[in-house]
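> this one's structure only:
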Ligand code: UDP
Ligand code: MG
């Protein structure tokens, strides 16, 4: 019998957990032919989250948990979940029921059809402000324009991953994680299913704009080093401006016989030295980018099949 691990990162979720447990339990009881594991990652909660989880575990041996020593953030909670999950597939789901568990059977169906990464794509987002929706839309645009890896739109972390995707992700041990970019980066056969995102059942969101901006910056910088190229791109027009102005000044001197005026010399000097400076920044940036990519220690590639046999990334 195939086993499916449902990974739930939870940080101060005492109010949502009873609802989540009830709905998840009902759901997995109704799905036959699969063994289930519900793996909670308690991310340093300061409320009764851990007590609740322990209580559930006593009643139900399908429940297991990882308890962090402190709050490490959802990204880290998810990789810990992947590390400890024992299933042939895992499902990542939020504790606040914004991701409806009722999509799970559909995810499993597509997994059985051979998809490796079945992700839930939002049709709508209830209970979220216009500003949050707008910024997240713009963010996807910017991120996509910076990289050639295809990024899934309107997609969170709610998804089913085949064991080999899990093993692949476990190989990416970078510390400033951005799952969004990692899910895209690993590739494999992806399938979108659509849903309406519900508002939180209880409790408050742990996100604020500061956290979101940080996540956005991590996303861009973990995906691509192209922002480091900005210097190089600015240096080129600066030197062009220098060159054109230089020709103009010299030509004017030769034709009219005037000497170079002080302000012209100053403009030339400013353009010259700022051009050199920006260019040097760009060069430093290029090397920094290479060091950055090397220190991430990612595998260079991931194999889908070898001689017709699926690569499991063990
Ligand atoms: N979460 C976590 N650690 C944190 C913050 C959040 O494990 O430091 C969990 C949280 O318990 C929930 C999920 O990540 O299961 C999503 O968090 P939240 O609902 O606050 O984010 P939003 O849905 O507003 O983006
Ligand atoms: Mg939420």
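Received the coordinates, thanks. The structure displayed is predicted, hence computed values, not measured ones. Ligands and ions are numbered 1, 2, ... in the order given.
> which residues of the stretch 101-250 of the chain fall in helices?
Applying DSSP state H, counting those that start in this stretch to the stretch 101-250 of the chain gives helices spanning 104-112, 130-146, 163-170, 179-186, 209-223, 230-256.
> possible to save those as CSV with mean neighbour count?
Just so you know, the C-beta spots here come from the backbone N, C-alpha and C atoms, and that holds for glycine as well. As requested, those are exported to CSV (neighbours: other CB atoms under 10 Å):
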stretch, mean neighbour count
helix 104-112, 17
helix 130-146, 13
helix 163-170, 21
helix 179-186, 21
helix 209-223, 16
helix 230-256, 14
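> Tell me who's in contact with residue 188.
By CB atoms under 8 Å, 6 or more residues apart in numbering, residue 188 lies in contact with 116-117, 162, 164-165, 168, 302, 304.
> which one is it nearest to, not counting chain neighbours?
Spatial nearest neighbour of residue 188, excluding adjacent residues (CB to CB, 6 or more residues apart in numbering): residue 116 at 3.9 Å.
> got a pLDDT number for the one you found?
Looking at residue 116, its pLDDT reads 96.
> Report the contact partners of it.
By CB under 8 Å, 6+ apart, the contact list for residue 116 reads 161-162, 164-165, 188-190.
> Contact residues of the stretch 1-150 of the chain facing ligand 2?
Contacts of the stretch 1-150 of the chain with ligand 2, taken as CB under 5 Å from the ion, map to 96, 98.
> got the residue ranges for the strands in the stretch 1-150 of the chain?
2-10, 34-42, 63-67, 89-92, 117-125 (DSSP state E, counting those that start in this stretch).
> Return the list of helices and strands in contact with the third one.
Counting contacts by 3 or more CB pairs under 8 Å, 6 or more residues apart in numbering; DSSP states H and E, the secondary-structure elements packed against strand 63-67 are strand 34-42, helix 49-59, helix 74-84.
> Tell me which of the ones you listed sits most buried.
Ranked by mean neighbour count under mean count of other CB atoms under 10 Å, the helices and strands packed on strand 63-67 are led by strand 34-42, which reaches a mean of 22.
> which residue packs closest to the closest residue to ligand 2 within the stretch 201-314 of the chain, ignoring adjacent ones?
Closest approach between the stretch 201-314 of the chain and ligand 2, counting by CB to the ion: residue 205, at 5.5 Å. Leaving out its chain neighbours, the residue that sits closest to residue 205 by CB to CB, 6+ apart is residue 96, at 7.9 Å.
> cool, and residue 275?
residue 238 (4.1 Å).
> Would you confirm that the one you found contacts residue 278?
Yes. Taking CB atoms under 8 Å as the definition, residue 238 is a contact partner of residue 278 at 6.0 Å.
> Contact partners for the spatially most central residue of the chain?
The centroid of the chain falls nearest to residue 180 when counting by CA atoms, centre = their mean (2.3 Å). For residue 180, the contact set (CB under 8 Å, 6+ apart) comprises 151-152, 155, 157, 219.
> Please tabulate those in TSV and include distance to ligand 1 and pLDDT as additional columns.
TSV is the format used below for these (distance: CB to the nearest ligand atom, whole Å; pLDDT from 0 to 100):
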residue	distance to ligand 1	pLDDT
151	17	82
152	16	83
155	13	85
157	8	92
219	14	77
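> Go through these and name the one nearest residue 139.
residue 219 (7.6 Å; CB to CB).
> could I get the helices of the stretch 101-250 of the chain as a markdown table with distance to residue 312?
Output for these, formatted as a markdown table (distance: least, CB to CB, whole Å):
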| stretch | distance to residue 312 |
| --- | --- |
| helix 104-112 | 14 |
| helix 130-146 | 29 |
| helix 163-170 | 4 |
| helix 179-186 | 13 |
| helix 209-223 | 25 |
| helix 230-256 | 40 |
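> Ok, which of those comes nearest residue 86?
Closest approach to residue 86 among these (CB to CB): helix 163-170, 9.8 Å.
> Report the contact partners of residue 100.
By CB under 8 Å, 6+ apart, the contact set of residue 100 is 195, 198.
> try residue 16
Going by CB under 8 Å, 6+ apart, residue 16 touches 95-97, 200-203.
> what does residue 157 give?
Taking CB under 8 Å, 6+ apart as the test, what residue 157 contacts is 74, 78, 92, 94, 179-180, 183.
> Distance of it relative to residue 212?
14 Å (CB to CB, to the nearest Å).
> what's the offset of stretch 62-77 from the middle of its chain?
18 Å (CA atoms, centre = their mean, to the nearest Å).
> what's that stretch in contact with?
With contact meaning CB under 8 Å, 6+ apart, stretch 62-77 is reached by 9-11, 28, 35-45, 50, 53-54, 56-57, 80-81, 84, 157, 177-179, 206.
> Endpoints of stretch 11-24, how far apart?
In stretch 11-24, first residue to last residue: 18 Å (CA to CA, to the nearest Å).
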